[in-house]
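S.K.: 3D model of this:
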Amino acid sequence: MSIPFSNTHYRIPQGFGNLLEGLTREILRQQPENIPSFAAAYFEDLLEKREKTNFDPAEWGSKVDDRFYNNHAFKEQEPAEKENSQASEKVETPVTALDSSDENKEKEELAAVKIQALFRGHLAREEVKKMKQEELEEKTQEDN
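M.R.: As a prediction, the model looks like this:
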């Protein structure tokens, strides 16, 4: 007797993918030997930072995802916002969770990752050159 498979799709909670992406990035960056204990320490550190700064990366990630996937909703609101801005003399910009310093940190982090990858690629190419040179020298010595 077989049980038919369910056609249900589980929804990933908003912000969860962002948390896992951050954990994965740190695991790849630091290459720990004991991944479960590293993950536990990572999330403990994340909790401490959230309590100190009142900044929740999961909440921020869900807002960014929502903004990305539902951008049409924001575009529909723009004309109404323009009318409100014309009616009022001074319009304050809303405070977002992502400050310019956070944007700069993220850009710096991406730049550092790119630089590291390029440098590792350079080292690998140099190693290949060295290996080819050694093989060529061995062949010339064998021929002599």
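
S.K.: pLDDT below threshold where in the chain?
M.R.: In the predicted model, the chain carries pLDDT under 70 at residues 1-7, 65, 67-100.

S.K.: again, 50 this time
M.R.: For the chain, the stretches with pLDDT under 50 are 1, 73, 77-98.

S.K.: can you list the domain ranges for it.
M.R.: The record's domain parsing of the chain by the TED database lists 16-69, 102-143.

S.K.: how about those, which one is nearest residue 8?
M.R.: For the domains of the chain, proximity to residue 8 was assessed by C-beta to C-beta; domain 16-69 is nearest, at 17.9 Å. Using the backbone N, CA and C atoms, a C-beta is placed for each residue, glycine as well.

S.K.: please identify the deepest-packed of the domains of the chain.
M.R.: Ranked by mean neighbour count, those are led by domain 16-69 with a mean of 13 (mean count of other C-beta atoms under 10 Å).

S.K.: return the distance of it from the chain's centre.
M.R.: 9 Å (C-alpha atoms, centre = their mean, to the nearest Å).

S.K.: again with stretch 130-143
M.R.: Stretch 130-143 sits 44 Å away from the centroid of its parent chain (C-alpha atoms, centre = their mean).

S.K.: biggest helix in this structure, by residue count?
M.R.: Assignment by DSSP state H gives helix 100-143 as the longest helix of the chain.

S.K.: which elements pack onto that helix?
M.R.: The contact analysis (3 or more C-beta pairs under 8 Å, 6 or more residues apart in numbering; DSSP states H and E) places helix 100-143 against no helix or strand.

S.K.: now the residue nearest to residue 16 when sequence neighbours are not counted, what's its secondary structure?
M.R.: Distance criterion C-beta to C-beta, 6 or more residues apart in numbering; nearest residue to residue 16, sequence neighbours excluded, is residue 58 at 6.7 Å. Under DSSP: H, G, I helix; E, B strand; the rest coil, residue 58 falls in the helix class.

S.K.: which residues touch residue 62?
M.R.: Taking C-beta atoms under 8 Å, 6 or more residues apart in numbering as the criterion, residue 62 is in contact with 14-15, 18.

S.K.: same thing but at 6 Å, please
M.R.: Counting by C-beta atoms under 6 Å, 6 or more residues apart in numbering, residue 62 touches 14-15.
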